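**Q** With the input below, show me the fold.
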Amino acid sequence: MKKAVTNSISKPVMIYDGDCRFCTLWIQRWKSLTRDKVKYIPYKNAGSEFHPLTSEDFEKSVHYITTKKEVFSGAGAVFKSLADASVYQFLFWLYNRMSIFKNCTEIGYRFVANNRRISSFMTYIFWGKSLEKPTYHLSRWIFLKLIAIVYFIAFLSFWIQAEGLVGQNGILPANDFFQSVTHQLGSSAFFNVPSLQLFLPGYSGLGLICGMGLVFSLTLFIGVIPRVSLIFLWFLYLSVVA
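**A** Numbers count the residues shown, from 1 in each chain. Presented below is the predicted three-dimensional model:
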């Protein structure tokens, strides 16, 4: 680290080689990690604002400049930018306190910086064209829709068959079962058989549970209170299978 004679800056700045494909790929990743806490500037746009740092310095490695005008380069710049953005702060702690970690990461950084074409190719092989942090929004959206459909079908199909299966004249009357559970277990019945049917006896209670299950399946599908819907769906279905 060294002091740079610069104008005052309100936000930390990461300066990188904008002509380097490998550099710009990883800057995408860093932007997604540090969000709006760090400003990123290609060195050709930096001008002489960060004198005495020169274009030759920026071509060799990334440089990170703090609001206190402290300058970090190479692996130190990487770890300091993450620490200032409250991401993986332990890495900068290790870099500052363990010389072996500092030396190894700087050697690794220098090797990558001197072999950018190979590094860019390996990045493409293992990470693809973009290194931005994945959000999983699409996967989450699809998963919740499918869960909602599964719950809806489960509650609807059981409700249709419930009278013949667990109705008063069904194969295994649920009302008789829960009366027996309450009689034998008393106050601990709910902890052993966690079901709302203990409090909503009879076929009408079961119908209410299934109806609520259908309603919360729909709210989950359309994205209304998804977390609450999932909690209720889990407990309502538990009440059915119990």
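**Q** so what does the longest helix belonging to the chain touch, helix or strand wise?
**A** The single longest helix within the chain, with elements called by DSSP state H, is helix 137-166. Helix 137-166 is packed against helix 202-222, helix 226-241, with contacts defined by 3 or more CB pairs under 8 Å, 6 or more residues apart in numbering; DSSP states H and E. C-beta: built from backbone N, CA, C; applies to glycine.
**Q** Same list (those helices) but as CSV, adding mean pLDDT and mean neighbour count.
**A** Listed next are the helices and strands packed on helix 137-166 as CSV, based on pLDDT from 0 to 100; neighbours: other CB atoms under 10 Å:
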stretch, mean pLDDT, mean neighbour count
helix 202-222, 85, 18
helix 226-241, 87, 17
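**Q** So the nearest residue to residue 84 once chain neighbours are set aside versus residue 65, what's the distance?
**A** Leaving aside its chain neighbours, residue 84 sits nearest to residue 12 (5.6 Å; criterion: CB to CB, 6 or more residues apart in numbering). To residue 65, residue 12 is 7 Å away according to CB to CB, to the nearest Å.
**Q** out of these two, which sits in the busier spot?
**A** Legend: neighbour count by other CB atoms under 10 Å for residue 12 and residue 65, higher for residue 65 (27 against 20).
**Q** Show me what that one is bridged to.
**A** residue 13, residue 71 (DSSP bridges).
**Q** correct me, but it touches residue 11?
**A** No - the criterion here is CB atoms under 8 Å, and residue 65 misses it with residue 11 at 10.0 Å.
**Q** Which residues are in contact with each of these two?
**A** Contact with both residue 65 and residue 11 is made by no residue, according to CB atoms under 8 Å, 6 or more residues apart in numbering.
**Q** how about low-confidence regions in the protein?
**A** Regions of the chain meeting the criterion pLDDT under 70 cover residues 1-7, 127-135, 163-194, 196-203, 242.
**Q** Thought residue 52 was touching residue 63, still the case?
**A** No - counting by CB under 8 Å, residue 63 stays clear of residue 52, with 11.8 Å between them.
**Q** Comparing these two, which shows the higher neighbour count?
**A** Higher neighbour count among residue 63 and residue 52: residue 63, with 23 against 12, using other CB under 10 Å.
**Q** so who does that one touch?
**A** When the contact criterion is CB under 8 Å, 6+ apart, the partners of residue 63 are 14, 15, 50, 53, 57, 71, 72, 73, 77.
**Q** burial count for the third one?
**A** As a burial measure, the neighbour count of residue 50 was computed by other CB under 10 Å and equals 23.
**Q** element containing it, please.
**A** Of the helices and strands defined by DSSP states H and E, none includes residue 50.
**Q** Distance of it relative to residue 23?
**A** To residue 23, residue 50 is 17 Å away according to CB to CB.
**Q** Equivalent analysis for the first one, please.
**A** In this structure, residue 14 and residue 23 are separated by 10 Å, where distance is defined by CB to CB.
**Q** again, but for the fifth one
**A** Applying CB to CB, the value for residue 57 to residue 23 is 14 Å.
**Q** List every C-alpha atom in the strand or helix carrying residue 81, with coordinates, as PDB.
**A** According to DSSP H and E, residue 81 maps onto helix 74-84. Taking C-alpha atoms only, helix 74-84 is exported to PDB below (Å, rounded to 0.1, in the frame of the first residue of the first chain):
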ATOM      1  CA  GLY A  74      -2.900  -6.700  -7.200                       C
ATOM      2  CA  ALA A  75      -4.300  -9.300  -4.800                       C
ATOM      3  CA  GLY A  76      -4.400  -6.600  -2.100                       C
ATOM      4  CA  ALA A  77      -6.700  -4.400  -4.200                       C
ATOM      5  CA  VAL A  78      -9.000  -7.400  -4.700                       C
ATOM      6  CA  PHE A  79      -9.300  -8.300  -1.000                       C
ATOM      7  CA  LYS A  80      -9.500  -4.600   0.200                       C
ATOM      8  CA  SER A  81     -12.400  -3.900  -2.200                       C
ATOM      9  CA  LEU A  82     -14.300  -6.900  -0.900                       C
ATOM     10  CA  ALA A  83     -13.600  -6.000   2.700                       C
ATOM     11  CA  ASP A  84     -14.800  -2.400   2.200                       C
END
